[in-house]
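Chemist: Just a sequence and a predicted model for now, questions to come.
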Amino acid sequence: MKEQQEVVISLKNVNKTFRIRDRGGNLQERVKNLLRPSKVQEIQALRDINVDIYKGEFFGIVGHNGSGKSTLLRIMSGTYPPDRGGEAYIEGRYMRLTLGLGFDKELTAHENIYLNGSILGLSMKEIGRRYHDIIDFAELKGYEQTKVKFFSTGMLSRLKFAIAVQADADVFLMDEFFGGVGDIRFMERSEQVFKEAILKGRTIVHVSHSLKTMEAHCDRVMALDKGKILAIGEPSEVISLYRKHLKNQRGRQVGGVKMNT
């Protein structure tokens, strides 16, 4: 990205350490441990993360389970603070999007639309105005009063997606948001809506295991390994390096892409 572009997310010297107290497994051990100091286990989820993300950029984050992807997204959103000495800055209105966040399977489609719409910051009036468009797009006419626990996987995915794309913000922090939504026909429709409703004019940070999605949409990709930046750069190069790293579990310098070991 060019130097003159506006930075909307800046992470400087970001580390994140979780401290877990071990009070023993069974009740007897826990009672004994009340009378003595418990062991503290430290887990360093993120190590020395430094990156700037620019206005209008689609920035992808990849990494295997436990690499720190979701933790980093939570730091960006302010859910977690970084360790002392680290800084996490985000400019403008931002929103974290996860398909089905706040969904209650004991509620009907109608109730979930209003519940999740309010979580997205929509007023009851605005949800009502968009209600029939959501139902029509999700192809759920006639199922509005059905509890979603009775929905098929495809029906549920379509409803979650149809609600989520109603969100409005300058920056979207997305956790496994896109991909595998419904059948092929619906996936084609949702791809188009995704581009028009979510991507256009916004800054996107997308955490995903879908390397295909990353290559298709991202301007840059960052690969994480054990909480550290493995690579940042052009999507196809970083993803190629990431695949190689998964095989040999060691970093190296290839093709001018920055690698950290």
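Modeler: Ah, there it is.

Chemist: Give the bridge partners for the residue nearest the centre of the chain, please.
Modeler: Among the residues of the chain, the one closest to the centroid is Asp175, at 1.8 Å (CA atoms, centre = their mean). Beta bridges link Asp175 to Val207, judged by DSSP bridges.

Chemist: which ones are touching it?
Modeler: Residues near Asp175 by CB atoms under 8 Å, 6 or more residues apart in numbering: 70, 73, 96-98, 207. Where C-beta positions appear, they are placed from N, C-alpha and C, glycine not excepted.

Chemist: Tell me the pLDDT of it.
Modeler: On the pLDDT scale, Asp175 is placed at 88.

Chemist: now swap in Pro81 and tell me
Modeler: Confidence score, pLDDT, at Pro81: 95.

Chemist: if I read this right, it contacts Ile75, doesn't it?
Modeler: Yes: taking contacts as CB atoms under 8 Å, Pro81 lies within contact range of Ile75: 7.4 Å.

Chemist: Give the intersection of the neighbour lists for the two.
Modeler: Here Pro81 and Ile75 have Ala88 as joint contacts, going by CB under 8 Å, 6+ apart.

Chemist: The two: who's more crowded?
Modeler: Ile75 (24 against 11; other CB atoms under 10 Å).

Chemist: That one belongs to a helix?
Modeler: Yes: counting by DSSP: H, G, I helix; E, B strand; the rest coil, Ile75 is found in a helix.

Chemist: what is the residue nearest to it when sequence neighbours are not counted paired to in the beta sheet?
Modeler: Distances taken as CB to CB, 6 or more residues apart in numbering put Ala88 closest to Ile75, at 5.1 Å, once the chain neighbours are dropped. When bridges are called by DSSP bridges, Ala88 pairs up with Leu11.

Chemist: Okay, strands next: where are they in the stretch 1-150 of the chain?
Modeler: Remark: strands assigned in the stretch 1-150 of the chain by DSSP state E, counting those that start in this stretch are 7-22, 39-54, 58-62, 87-90, 94-97.

Chemist: how about these, which one is nearest Gly117?
Modeler: With CB to CB, the closest approach to Gly117 among the strands of the stretch 1-150 of the chain belongs to strand 94-97: 12.8 Å.

Chemist: what's that closest one in contact with?
Modeler: With contacts defined as CB under 8 Å, 6+ apart, strand 94-97 is touched by 73, 76-77, 79, 120-121, 164, 167-175, 177.

Chemist: Show the contacting residues for the nearest residue to Ile127 once chain neighbours are set aside.
Modeler: Leaving out its chain neighbours, the residue that sits closest to Ile127 by CB to CB, 6+ apart is Gly117, at 3.9 Å. Residues counted as contacts of Gly117 (CB under 8 Å, 6+ apart) are 126-127, 130, 163, 166.

Chemist: And Ser70, by the same measure?
Modeler: Ser70 makes contacts with 175, 207, as judged by CB under 8 Å, 6+ apart.
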